[in-house]
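Asks: I'll drop the sequence and a predicted model, then ask my questions.
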Amino acid sequence: MEDLQLVLLVLGAIAIIAVLVHGFWSIRKQQPKSMKQSPMANFYKEQAERRDSEGFDNDGIGPVRVLKSTDVEPVVTKPILKTAGLFKPQHAKTAEPLVAAEAISKAKSEPVMPSIDDELEQEPQITLTTSQDIKSVQMEPIDKPKHYSNPDVVQDEPEAEEVVEEPQVLADPTDVLVLHVVAKTGQQLQGAELLSALLSLNFKFGDMEIFHRHIDNAGTGKVLFSLANMVKPGTFDPDNMEQFVTDGVVLFMTLPCYGDPKMNFTIMLNSALQLVDDLGAELLDGKRQPWDDTAKEDYKRRIAAA
């Protein structure tokens, strides 16, 4: 039993030592190598020490110079070019004596032209003119052309004459065209359905508490024709149309009227026919007789006679 404990104790010590050694080895392995151990260290050192014949390294950097306060750098003077010399031709080589003699005789006979240098050296002479040298000039007026217009002056344009349309004055009514839209026997027209149909046909509630159809679909302008209740007093209450019921409505148009009476009657007839379709009603003439072609021709004759 004592031998077993001794063996276990030795094995445990060996295991602890192995763990410690492995840990130190892992730490050393993870540490970066220093520049001294790096194989590229010598390469960079050699590159830095290399310099050319003028003392510059590969990056073009020369040795450091320390200047004292007494040292003065030499001043480099640039040569000044003379512009006059650029225009002078180059001297040719010495010619033969005969050619030189001819050139001298020719130069004596011809007038001497001043050189460019002489022209530059000469100062320009400025002559001042006095008031005595200036002659008086008489200014003559310039006649303007007949159709002269100054662009800087805004001329008043003739204002366009406003065309004012005189209101059409109607004579006293001589005839009234009437159409009846009545419910079928045993039925009545419901107010909610009637109001929806009238609004879709551009009727507008207005004077005398009835509906009117105006020239403009928005409900403005002159009244073409009107629509009233067949039941006395013939008015409507738009706020209580859901509870409203009636036996029928009447459309009427006076002659003469504003605009084209034939066109106005056509609109009134089409509106009445549309109400008949929407409300499931019947169309009658002014005498409460069924609408037919005979009644239509009679209405046309009355419109032409108005």
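Replies: That came in fine, so what should we check first?

Asks: Low-confidence ranges, the protein, go.
Replies: Screening the chain residue by residue with the criterion pLDDT under 70, one finds the ranges 31-55, 57-60, 62-168.

Asks: counting residues per helix, which one in it is longest?
Replies: helix 2-30 (DSSP state H).

Asks: just the helices in this protein please.
Replies: 2-30, 41-49, 83-86, 97-109, 116-121, 191-200, 261-279, 293-305.

Asks: Show the residue spans covered by the strands in the stretch 101-250 of the chain.
Replies: Read by DSSP state E, counting those that start in this stretch, the stretch 101-250 of the chain holds these strands, from start to end of the chain: 175-182, 189-190, 203-205, 211-214, 223-229, 245-246, 248-255.

Asks: now the ones you listed as TSV including distance to L279 and mean neighbour count?
Replies: No exception for glycine: its C-beta is placed from N, CA and C like everyone else's. As requested, those are exported to TSV (distance: least, Cβ to Cβ, whole Å; neighbours: other Cβ atoms under 10 Å):
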stretch	distance to L279	mean neighbour count
strand 175-182	7	20
strand 189-190	6	20
strand 203-205	14	19
strand 211-214	14	20
strand 223-229	13	20
strand 245-246	11	16
strand 248-255	9	20
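
Asks: nearest to Q5, of those strands?
Replies: Distances from Q5 to each of the strands of the stretch 101-250 of the chain were compared using Cβ to Cβ; the shortest belongs to strand 189-190, at 113.1 Å.

Asks: Which other helices and strands does that closest one contact?
Replies: Using 3 or more Cβ pairs under 8 Å, 6 or more residues apart in numbering; DSSP states H and E as the contact criterion, the elements in contact with strand 189-190 are strand 245-246.

Asks: gap between the closest residue to W291 other than its chain neighbours and D247?
Replies: Counting by Cβ to Cβ, 6 or more residues apart in numbering, L283 is the residue found nearest to W291 once chain neighbours are left out, at 4.3 Å. When Cβ to Cβ, to the nearest Å is the yardstick, L283 and D247 sit 14 Å from each other.

Asks: ok, these two, which is more surrounded?
Replies: Higher neighbour count among L283 and D247: L283, with 19 against 14, using other Cβ atoms under 10 Å.

Asks: Mind listing the residues bridging to the more buried one?
Replies: Judged by DSSP bridges, the bridge partners of L283 are V181.

Asks: how near is it to I303?
Replies: Distance from L283 to I303, counting by Cβ to Cβ: 18 Å.

Asks: what's the answer for L284, then?
Replies: Relative to I303, L284 is positioned 19 Å away (Cβ to Cβ).

Asks: What of L179?
Replies: L179 sits 13 Å away from I303, going by Cβ to Cβ.

Asks: ditto for D260
Replies: Plainly put, D260 is 10 Å away from I303 if you go by Cβ to Cβ.

Asks: more neighbours, the two?
Replies: Between D260 and I303, counting by other Cβ under 10 Å, I303 is the more crowded of the two (19 against 11).

Asks: quick one: the more buried one and P261 touch, right?
Replies: Yes. I303 sits in contact with P261 when judged by Cβ atoms under 8 Å, with a separation of 5.0 Å.

Asks: Find the residues that touch each one of those two.
Replies: Shared between the contact lists of I303 and P261 (criterion: Cβ atoms under 8 Å, 6 or more residues apart in numbering) are residues L255.

Asks: pretty sure F225 contacts N264?
Replies: Yes. Using Cβ under 8 Å, F225 and N264 qualify as a contacting pair, with a distance of 6.4 Å.

Asks: joint contacts of the two?
Replies: With the criterion set as Cβ under 8 Å, 6+ apart, the overlap between the contacts of F225 and N264 is M253, C257.

Asks: Tell me the spacing between T235 and F265.
Replies: With distances taken as Cβ to Cβ, T235 is found 24 Å from F265.

Asks: more crowded one of these two?
Replies: For T235 against F265, the residue with the higher neighbour count under other Cβ under 10 Å is F265, and the figures read 22 against 12.
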